[in-house]
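Asks: Need the 3D shape of this:
(chains A, B, C and D)
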2 protein chains.
Amino acid sequence: MKQTTTNTRDRNATKKALIASVVRIAERDGLHALGINSIAREAGVDKVLIYRYFDGLDGLYEAVCAQADLWWRVDEIVDQLDFSDPASGLATYIIAHRKALLKRPLALRILAAEMTDRSALTIALEKVRETRGNRLSEVFAERFPDLGDSAPDVLVMANVLSAATQYLTVRSRDIKRFGGMRIQEDQTWMEIAEMTKKSIQGLLNS
Amino acid sequence: MKQTTTNTRDRNATKKALIASVVRIAERDGLHALGINSIAREAGVDKVLIYRYFDGLDGLYEAVCAQADLWWRVDEIVDQLDFSDPASGLATYIIAHRKALLKRPLALRILAAEMTDRSALTIALEKVRETRGNRLSEVFAERFPDLGDSAPDVLVMANVLSAATQYLTVRSRDIKRFGGMRIQEDQTWMEIAEMTKKSIQGLLNS
DNA sequence: TGACAATGTCACCGCTCGGTGACATACTGA
DNA sequence: TCAGTATGTCACCGAGCGGTGACATTGTCA
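Replies: Residues are numbered from 1 along each chain as shown, chains lettered A, B, ... in the order given. Presented below is the predicted three-dimensional model:
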């Protein structure tokens, strides 16, 4: 009665169960719901094993990061881009970025949580984001080597758009509107992409 | 010894102390640090008075919102804008928006917290933000009634920039860089404003 | 087979949390 | 003056938290 499931005694399976438990709780309830007790309970395992196998919560979080698909891969983004010109490239990047984020509820949770807290999870995401972001910038630079005088402005624009996409995508889980935009609707994001395209074209022609 | 300060027995003063305590804790430690015990402790007052005078935490939060300077006033923004043309208007709006946010640590804390939690404080901020935002849009519409075919694009651009400014300003309390931008430096924000100006001009000329 | 480590369970600790009832003291108005 | 109320203090409750030591069970290898 106390233990209906079979007592497996499989260290690796237990570790995997704990890692999966972290991901499940974080995606479902947010990072603030993570705790020694809740994680162990969700995994159906005694909490003392978190100390034994991972040396505490931080160790467990690191194991989660090492295993989880935390952030988009560069090729995953590049595959969706239209490289026919810089304006199209950035416009399609917005859509691709949002799509990649929506596929990763854990990433959205961490992006939200890092506004208020710093943990092994948020630090891991910061790092992988930076490297992938830099790599993506390089890809753009290779494809569009001659933006002329507008290059700095285009770079700033890309970063600002990236920030807005991240923020609005996280917020769009909970709220329907931001200012005048219905941020849950694909139509809205198409309009953002269109506006982006025209803006970049305007920048390049100035 | 137990009570070094004089026992004032002043209901209004106690209520004010509790409200101030909420603001102080929220600004200093974030909304997650708010709790019945911590608020009462910070105010130097017994926690039971929160129930007696405000009927609990939510009531206290409402009192805080009614009293606090939660969000920028429209005139405070408008005063800083350059209305000589739409592009300059939006460019100066970014700077004004950021400045107004930096002046209000509580607003920044709430903006950060609303990514993960919903409370009386976040709900109050949502409401005042919406009304002021709408009003500001009206001001722009009055000043620039004829944007032609580009009007929808300019509106989308304004909202996207607003989102980015909010996000990056909140983040800039903790991190130095976002992508390639040093978001704590005024210089960077000038570049963002410049880029904005050129983009809007580009949109209007297309 | 038997000793011993690996694995997992359980009971408990001190602490903080939100919340409540009982009590002490100061003020106020009849 | 004195009764009643407003104001504030204090002790306590059950629950959940992170953390630890003792114990039971299973597997392994000499």
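
Asks: What ranges in chain A fall below the confidence cut-off?
Replies: Under the criterion of pLDDT under 70, the regions of chain A flagged as low confidence span A:1-7.

Asks: 90 instead?
Replies: Within chain A, the ranges that satisfy pLDDT under 90 run A:1-9, A:205-206.

Asks: and whichever residue of it sits closest to chain B, how many neighbours does it have?
Replies: Taking C-beta to the nearest C-beta, chain B has its nearest neighbour within chain A at A:Gly202, 1.5 Å off. C-betas here are computed from N, CA, C, even on glycine. Using other C-beta atoms under 10 Å in any protein chain shown, A:Gly202 has 22 neighbouring residues.

Asks: Leaving out sequence neighbours, find the closest residue to it.
Replies: Take A:Gly202 and drop its neighbours on the chain: the residue closest to it by C-beta to C-beta, 6 or more residues apart in numbering or on different chains is B:Gly202, 1.5 Å away.

Asks: Find out how far the host helix or strand of that neighbour is from the centre of the chain, if you would.
Replies: Element membership of B:Gly202 [criterion: DSSP states H and E] is helix B:186-205. Relative to the mean C-alpha coordinate of its chain, helix B:186-205 is positioned 23 Å out (C-alpha atoms, centre = their mean, to the nearest Å).

Asks: Repeat that for stretch A:167-180.
Replies: Its chain's average C-alpha position is 16 Å from that of stretch A:167-180, according to C-alpha atoms, centre = their mean.

Asks: Sort out which residues of it are buried, please.
Replies: Neighbour-count burial for stretch A:167-180, with 16 or more other C-beta atoms under 10 Å in any protein chain shown as criterion, is recorded at A:167-172, A:178-179.

Asks: Which of the residues you listed fall within strands?
Replies: Judged by DSSP state E, strands contain the following of these: A:Phe178.

Asks: would you turn the buried residues of stretch A:167-180 into TSV with distance to B:Val78?
Replies: Output for these, formatted as TSV (distance: C-beta to C-beta, whole Å):
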residue	distance to B:Val78
A:Tyr167	25
A:Leu168	25
A:Thr169	30
A:Val170	30
A:Arg171	26
A:Ser172	29
A:Phe178	21
A:Gly179	17
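
Asks: Quick check: which of the buried residues of stretch A:167-180 are also close to chain B?
Replies: Filtering these for neighbours of chain B using C-beta under 8 Å from any C-beta of the partner chain leaves A:167-168, A:170-171, A:178-179.

Asks: Next, work out how far apart the closest residue in space to A:Gly179 that isn't next to it in sequence and A:Ile183 are.
Replies: Spatial nearest neighbour of A:Gly179, excluding adjacent residues (C-beta to C-beta, 6+ apart): B:Asn159 at 4.1 Å. Note on B:Asn159: its distance to A:Ile183, by C-beta to C-beta, to the nearest Å, is 9 Å.

Asks: just A:Leu57 next, same as before
Replies: From A:Leu57 over to A:Ile183 the distance is 34 Å, taken as C-beta to C-beta.

Asks: still on that earlier bit, for the residue of chain A closest to chain B, what are its contacts?
Replies: A:Gly202 is in contact with B:198-199, B:201-203, B:205-206, counting by C-beta atoms under 8 Å, 6 or more residues apart in numbering or on different chains.

Asks: ok, so of these, who is nearest B:Gln187?
Replies: B:Lys198 (16.9 Å; C-beta to C-beta).

Asks: Pretty sure that closest one sits against A:Val156.
Replies: No: between B:Lys198 and A:Val156 there is no contact under C-beta atoms under 8 Å: 10.1 Å.
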